[in-house]
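Peer 1: what's the 3D shape of this:
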Amino acid sequence: MSKDPAKPVTVSQLTASIKALLKGAVGVVSVRGEISNWRPAASGHIYFSLKDPEAMIGAALFQGVAARLPRGQFRDGTEVVCRGRIDVYAPRGTYQVIVEHMEPVGAGSLQAAFEALKRKLHAEGLFDPSRKRPIPAMPSRIVVITSPTGAAIRDVLSVLKRRNAGMKVLLVPALVQGAEAPAELLRALETVNEFDLGDVILLTRGGGSLEDLWAFNDERLARAIAASRIPVVSAVGHEIDFTISDFVADLRAPTPSAAAEILVKESREILERLRETELRLERCLRNLLRQLRLELRGVSGRLKSPKDRLNELRLRIDDWSERLLQASRRDLAHRRQRLDRQLASLRALSPLQVLDRGYSLVFTRDGKIVKTSGGVKKGQEIEVRVSDGAFHAEVT
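Peer 2: Okay, here's the model as predicted:
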């Protein structure tokens, strides 16, 4: 660009010069601010503004970067640290931050605290496989510690109902997010151990950001899990999420549903093996009785006497055979009735049972349950769940 003020330049030339100056003078920058006007575009790009009490700057997340962000973690009002480069958008003559990495304020310090506690507990041997308790192969009582209104308990009960599991399920409600959550989770864990409420404990919640899952990185909770007399299964978040509770628990499952599948799978496999063993035993007894009858017929043919004794033995064997078959049928019927009662108990405990009586559950788009009319606004999209499905609606 000409440095002679008497020689005019075009707007494009001036904008290009400013763009070159900004890129050369600023380069890559980290900026902290509050998200405002968060606007995801159909292209996959996300546009927003970063502001503080005295200034505001535009920002853009292109599709490749935006796709790697945790879903639902960022919105208007979230305070973040963005790293990227300064660029000028020539059609409007505005400068903006092209964001290449973004995280909530405090995420870096939380990650550092997570790694420090992980190293500390590992050094103490709390992650050592040799100290972990075996998970019962056929638990008759499963204690689930989680939020009573969260997705985790619904997923767990759905799996148990679908697999027709006959075990009892006890829900011990606790907060799974926020400042009070670690204390509630700790209290629930101690209560279950004190009163011996189950054969195995499932500590679970759905997915979320590092901050959302932070309660499960509490040192007191980790030590309580290690000290629990009852085996603990940790299923926190999604498969990519890891918490301190996962490392110290006796078993880590990638999701709440996967944890339920693991617990049910062991029970079903053992029941199937017992059934197969029972059938083999019944076949062996039938073969034995058949062989005895053949031997008696042979003895009867060779002996002139005592025929009456042989007939008596034959009748007794027939009687024993019939009694054995009847006893097997009664035992099978008893087992079937017991499984039916346990399934009925499980259904009665399910929080989803109320839906079969004509009630419904209302959730916001981000999955939070609506408890009062003040929890939604006019025009807001909601999800309504009923006993046989769900549909979306708009508040009018």
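
Peer 1: now the residue lying closest to Arg131 once chain neighbours are set aside: how far from Phe247?
Peer 2: Leaving out its chain neighbours, the residue that sits closest to Arg131 by Cβ to Cβ, 6 or more residues apart in numbering is Gly125, at 6.6 Å. For the C-beta atoms, the positions are set from N, CA and C on the backbone; glycine is no exception. According to Cβ to Cβ, to the nearest Å, Gly125 stands 12 Å off from Phe247.

Peer 1: Please apply the same query to Asp87.
Peer 2: Counting by Cβ to Cβ, the separation of Asp87 from Phe247 is 42 Å.

Peer 1: returning to what we had before: regarding the residue nearest to Arg131, what is its secondary structure?
Peer 2: Remark: Gly125 carries the secondary structure label coil [criterion: DSSP: H, G, I helix; E, B strand; the rest coil].

Peer 1: okay, now Asp356: neighbour count?
Peer 2: Using other Cβ atoms under 10 Å, Asp356 is surrounded by 12 other residues.

Peer 1: Next, it: secondary structure please.
Peer 2: Counting by three-state DSSP, the backbone at Asp356 sits in helix.

Peer 1: Show me what the lengthiest helix in the chain is packed up against.
Peer 2: The longest helix of the chain (DSSP state H) is helix 256-302. For helix 256-302, the contact count by 3 or more Cβ pairs under 8 Å, 6 or more residues apart in numbering; DSSP states H and E identifies helix 151-162, strand 200-205, strand 232-236, helix 307-349 as packing neighbours.

Peer 1: Could you export these as JSON lines, including mean pLDDT, mean neighbour count and distance to Arg131?
Peer 2: Compiled in JSON lines, the helices and strands packed on helix 256-302 are given as follows (pLDDT from 0 to 100; neighbours: other Cβ atoms under 10 Å; distance: least, Cβ to Cβ, whole Å):
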{"stretch": "helix 151-162", "mean pLDDT": "90", "mean neighbour count": "20", "distance to Arg131": "26"}
{"stretch": "strand 200-205", "mean pLDDT": "97", "mean neighbour count": "28", "distance to Arg131": "16"}
{"stretch": "strand 232-236", "mean pLDDT": "97", "mean neighbour count": "26", "distance to Arg131": "12"}
{"stretch": "helix 307-349", "mean pLDDT": "80", "mean neighbour count": "12", "distance to Arg131": "32"}
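
Peer 1: Ala25 is nearest to which of those?
Peer 2: strand 232-236 (45.5 Å; Cβ to Cβ).

Peer 1: List phi and psi for His392.
Peer 2: Listed backbone geometry of His392 is phi -100, psi 150, with angles given as degrees, to the nearest 10.

Peer 1: now Ser49
Peer 2: In terms of degrees, to the nearest 10, the main-chain angles of Ser49 are phi -120, psi 150.

Peer 1: Enumerate every residue touching the closest residue to it other than its chain neighbours.
Peer 2: What sits nearest to Ser49 in space, not counting adjacent residues and going by Cβ to Cβ, 6+ apart, is Ser36, at 4.4 Å. Contacts for Ser36 (Cβ atoms under 8 Å, 6 or more residues apart in numbering) come out as Phe48, Ser49, Leu50, Lys51, Met56, Asp76, Gly77.

Peer 1: Out of these, name the two that are farthest from one another.
Peer 2: The most widely separated members of the contacts of Ser36 are Met56 and Gly77, with 14.1 Å between them, by Cβ to Cβ.

Peer 1: Quote the end-to-end distance of stretch 382-396.
Peer 2: 11 Å (Cα to Cα, to the nearest Å).

Peer 1: would you put the C-alpha positions of stretch 186-194 in CSV?
Peer 2: Once non-C-alpha atoms are left out, stretch 186-194 reads as follows in CSV (Å, rounded to 0.1, in the frame of the first residue of the first chain):
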residue,chain,number,x,y,z
LEU,A,186,-20.2,-40.5,50.0
ARG,A,187,-23.2,-40.7,52.4
ALA,A,188,-25.1,-43.0,50.1
LEU,A,189,-22.1,-45.3,49.8
GLU,A,190,-21.6,-45.4,53.6
THR,A,191,-25.3,-46.1,54.2
VAL,A,192,-25.4,-49.0,51.8
ASN,A,193,-22.4,-50.6,53.5
GLU,A,194,-23.6,-49.9,57.0
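
Peer 1: Not counting that stretch itself, show me its contacts.
Peer 2: Taking contacts as Cβ under 8 Å, 6+ apart, the residues outside stretch 186-194 that touch it are 143, 145, 172-174, 197-198, 201, 203, 218, 220-221, 224-225, 228-230, 232.

Peer 1: go on, stretch 255-264?
Peer 2: Outside of stretch 255-264, the residues that reach it under the criterion Cβ under 8 Å, 6+ apart are 135, 139, 142, 146, 151-153, 155-156, 158-160, 163, 165, 167, 200, 202, 204-206, 233, 235, 237-239, 251, 253.
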